[in-house]
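[1] need coordinates for the following:
(one chain, ligands or ions: 1)
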Amino acid sequence: MQNFKLAEIVINWYKKNFRNLPWRPYDFKQKVNPYFVFLSEFMLQQTMVKTVIPYFLKFIDKYPKINILANAKLDEVLTMWSGLGYYRRATNLYLSSNIIHNELSNVIPNDYASLIKLPGIGDYTAAAIAAIAFDKETVVVDGNIERVISRLYKIESKGNFLKKEVKQILLANIPNKQNSLFVQGLMDIGATICMPKIVNCKICPLEKRCEVSFSNHAIDYPKKAVKKRKVIRFGDFYCLLNSKKEILFLKNEKNKLFNNMYILPSKGWQKKDDIIDFNLFYRKQKINCGIVKHSFSHFDLEANIIIYKFGNKNFELKSKQKFIKFNALNSSGIPTLYHKIISKILKYI
Ligand code: SF4
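    Okay, here's the model as predicted:
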């Protein structure tokens, strides 16, 4: 499938048209900062570039080097991550940075085989870091690249078969040097020219070689695999509110989802319930607030929200519990689901 100089065209285009992103050097001739690539690739898993940028800037301001990130407290890193979602990424980023700090003298591994051993780094992320930060000849397929290649070669297959075909094409076209620019060039063509619903063939460097250029069918590629319907889980969520308008949160150490983060007591939707003994409270009032819906990658959640207003002056907090004031919730590193729940609760109190 190497019937024209795909890499050369893409690299030449990239040199003049690359997007300025904060984890990239200002000039493609400058050295890439491997820590910036490492950090950005964790953040970009499942999240769009424009959402990641402010978080990335915040992180490099606070943790400009990997040893500083490794020496931070996990709670603080999770708070910094709050709002970006998929919190396991933050825990894995922290664990990986600790391995690199403690065992690898703060040097980020430069090859796929070593990168993939780190927590939270799978096939895609290992290939992307190796290619982008270290110019290694790895095959990188993200959504943008898959779209561009599927249109360029008018690939009819779907799902994993499509991915396999795209990988084979890229493997046959990896340049001997500047794979970093090739990978990022394909990403940028997908992000700025060959977009999911808007296709700008007029300014595309691949237009002469593309099998669907200027055709109405371009947006039909890549062909979509039929998605499985997600299961719906149902759970009860409890908001225990004291007279100072503070809400009781528990530190989750039972379930993988939101591990080590502060969450509301709840039951019925995870393997283990995060519930407390309600008899400890002198309950004044119970308010049913209805349902909040939230989508996770593998399931949808219907959360039934219940407020308990209570007045128990003698209530003693245990070590994994804390009260958080409404106006401190944004800086407390609680997951987006709980922000949604609190917005609902605010209408009832
Ligand atoms: S020519 Fe058009 S369809 Fe083909 S890769 Fe470029 S923008 Fe996409």
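[2] count of neighbours near Tyr238?
    By the measure other C-beta atoms under 10 Å, the count of residues near Tyr238 is 21. To be clear about C-beta, it is placed using only N, CA and C from the backbone, and glycine gets the same treatment.
[3] my guess is it meets Ala303, correct?
    No - the criterion here is C-beta atoms under 8 Å, and Tyr238 misses it with Ala303 at 10.6 Å.
[4] report the set of residues contacting both of these two.
    Shared contacts of Tyr238 and Ala303, defined by C-beta atoms under 8 Å, 6 or more residues apart in numbering, comprise Ser266.
[5] shaky segments in this structure?
    Residue ranges of the chain with pLDDT under 70: 1-3, 280-283, 312-315.
[6] all helices of it, in order?
    For the chain, applying DSSP state H gives helices covering 6-17, 34-44, 49-62, 66-71, 74-81, 88-103, 112-115, 123-134, 143-152, 159-173, 179-192, 336-346.
[7] those: which one's closest to the ligand?
    Of all the helices of the chain, helix 143-152 sits nearest to the ligand, with 4.1 Å by C-beta to the nearest ligand atom.
[8] if I look at the nearest residue to Lys223 once chain neighbours are set aside, how far off is Tyr221?
    Distance criterion C-beta to C-beta, 6 or more residues apart in numbering; nearest residue to Lys223, sequence neighbours excluded, is Lys158 at 4.6 Å. Applying C-beta to C-beta, to the nearest Å, the value for Lys158 to Tyr221 is 10 Å.
[9] which of the two has more neighbours?
    Tyr221 (24 against 14).
[10] how many neighbours does Asn12 have?
    For Asn12, using other C-beta under 10 Å, the count is 14.
[11] and for Glu146?
    Counted with other C-beta under 10 Å, Glu146 comes out at 21.
[12] show me what contacts it?
    162-163, 166, 222.
[13] also Lys224?
    Lys224 neighbours (C-beta under 8 Å, 6+ apart): Lys158.
[14] return the backbone torsion pair for it.
    The phi/psi pair for Lys224 (degrees, to the nearest 10) reads phi -90, psi 130.
[15] thought Pro22 was touching Ile53?
    Yes - under the criterion of C-beta under 8 Å, Pro22 makes contact with Ile53 at 6.2 Å.
[16] between those two, which one's more packed in?
    A count of neighbours by other C-beta under 10 Å puts Ile53 above the other of Pro22 and Ile53, at 15 against 12.
[17] and this protein, which of its residues are near the ligand?
    Residues of the chain lying close to the ligand (C-beta under 6 Å from any ligand atom) are 148, 151-152, 193-194, 199-201, 204, 206-207, 210, 212-213, 218.
[18] for these, which single residue is the most surrounded?
    Neighbour tally across these (other C-beta under 10 Å): the maximum, 29 neighbours, falls on Cys194.
[19] got a list of what it touches?
    Listed by C-beta under 8 Å, 6+ apart, the contact partners of Cys194 are 144, 147-148, 151, 200, 204, 206, 218.
[20] mind running it again at 10 Å?
    Listed by C-beta atoms under 10 Å, 6 or more residues apart in numbering, the contact partners of Cys194 are 144, 147-152, 186, 188, 200-201, 204, 206-207, 210, 212-213, 218-219, 221.
[21] try Arg89
    41-47, 81, 120, 125.
[22] what do you get if the cut-off is 6 Å, keeping everything else the same?
    Arg89 makes contact with 42, 45, 120 under the criterion C-beta atoms under 6 Å, 6 or more residues apart in numbering.
[23] from Ile305, how far off is it?
    In this view, Arg89 and Ile305 are 27 Å apart by C-beta to C-beta.
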